[in-house]
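Here is the input, now give the coordinates:
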Amino acid sequence: MALTFDHPGERAAADPIKLLAIRETPLSVDEVFRAVGDDASGGTTLFVGTVRNHDGGADVDALGYSCHPTAEAELRRVAEKVVANHPVRALAAVHRVGDLEVGDIAVVVAVSCPHRAEAFEACRRLIDDLKHEVPIWKHQTFSDGTEEWVGSC
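Below you'll find the model as predicted:
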């Protein structure tokens, strides 16, 4: 189930939201970086979240992400909020769902703004709000056989 959505032809040319996607396939840092390229921006900030081999002092053996059917709409809402509150010239966010392995890329977000401080602030807001507001859940299996669901990634 690929939940990719990218609507460049459906929005005004001035829309800074360039790419939003929830995918079962591996993510590309280059794709996200290219999406936010903007000649008028002096700062581009990119965040890459990867699957680590531990959490809370326990070794992680397996990890999977799943999402609610409203995840796409919530991702767009979060992106629009960031654009409304920061001088964003270009924004992109992709999140992976399905089974991932240690080292896999789980999420990539990027923001371009006129200045670096603005880009850092907007990118931080984007990843933090995505993590807290978009209904994507993480299921971890630990090496001791225990499991944990994390409310949202």
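
My guess is Ser112 contacts Ser41. True?
Yes - applying Cβ atoms under 8 Å, one finds Ser112 in contact with Ser41, separated by 3.7 Å. For the C-beta atoms, the positions are set from N, CA and C on the backbone; glycine is no exception.

So which of those two has more stuff around it?
Ser112 (29 against 21; other Cβ atoms under 10 Å).

That one: which element?
Element membership for Ser112, per DSSP states H and E: strand 105-113.

List the buried residues in the helix or strand following that strand.
Following strand 105-113 in sequence order, the next helix or strand is helix 116-133 (DSSP H and E). Of all the residues in helix 116-133, those buried under the rule 16 or more other Cβ atoms under 10 Å are Glu118, Ala119, Glu121, Ala122, Cys123, Arg124, Arg125, Leu126, Ile127, Asp129, Leu130, Lys131.

Between those residues, which sits nearest Val97?
Using Cβ to Cβ, Leu130 is the member of the buried residues of helix 116-133 that lies nearest Val97, at 13.2 Å.

now for the helix or strand hosting Gln140, which elements pack on it?
Assigned by DSSP H and E, Gln140 belongs to strand 136-142. If contacts are counted by 3 or more Cβ pairs under 8 Å, 6 or more residues apart in numbering; DSSP states H and E, strand 136-142 sits against strand 58-67, strand 147-150.

Right, I'll call it a day here.
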